[in-house]
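Q: coordinates only, sequence not included:
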């Protein structure tokens, strides 16, 4: 940075020296055209000084701002990745529960079928019609339990998905994040040609 300051100070000294030389020459020549030329040179010198100051100010102030915004975006991406990993873990857990539930239903079905077969054999001696009614009731109960378990599982999965999405949105879309996204978008539009 000291080299840049040295270059700026040196350029300023050269510009001022040239300006003084032009002014002295203009004073010596009392010609109106020379005064007009000196005025034109002064305008260009003034423009170069103002432009140099503007370039220096933007070169000094803007990089930290851009660095902060890049760091904020990077941390938001990391947070989103960790939230996605947590949601994926919850999804895998729900799928494992679903697989276990299907096993339990199958075991329950097999167990009930075995019991109903034993009951059927015991009651076969008594009446054939009572055995048929018991088997129909057992099958209906199994189907109802299976439907109820599936509905409960679907409700649980939907609830977990909605909660996960709500948490993710709440974490990512804070007013500050929204303002930052809009600001970055507007800044990117300003840099583009029409």
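A: Here it is on my side, so go on. These figures come from a predicted structure and were not determined experimentally.

Q: what's the next secondary structure element after the least confident helix or strand in the chain by mean pLDDT?
A: Lowest mean confidence among the helices and strands of the chain (mean pLDDT, DSSP states H and E): helix 2-28, at a mean of 66. Sequence-wise, the next helix or strand downstream of helix 2-28 (DSSP states H and E) is helix 32-124.

Q: Centre of the chain to that next one, how far?
A: Distance of helix 32-124 from its chain centroid, counting by C-alpha atoms, centre = their mean, to the nearest Å, is 3 Å.

Q: Quick check: what element follows it along the chain?
A: Downstream of helix 32-124 (by DSSP H and E), the next one is helix 128-172.

Q: Any idea how far that next one is from the middle of the chain?
A: Worked out by C-alpha atoms, centre = their mean, helix 128-172 lies 35 Å from the chain centre.

Q: Which other helices and strands does it contact?
A: Secondary-structure packing of helix 128-172 (3 or more C-beta pairs under 8 Å, 6 or more residues apart in numbering; DSSP states H and E): helix 32-124. For the C-beta atoms, the positions are set from N, CA and C on the backbone; glycine is no exception.

Q: Can you check what angle separates the helix it packs on from helix 128-172?
A: In terms of direction (axes from the mean of the first three to the mean of the last three C-alpha atoms, to 10 degrees), helix 32-124 departs from helix 128-172 by 160 degrees.

Q: what sits against the nearest residue to residue 172 once chain neighbours are set aside?
A: The shortest distance from residue 172 to any non-neighbouring residue, by C-beta to C-beta, 6 or more residues apart in numbering, is to residue 80 (5.9 Å). If a contact means C-beta atoms under 8 Å, 6 or more residues apart in numbering, then residue 80 has 168, 171, 172 as its contacts.
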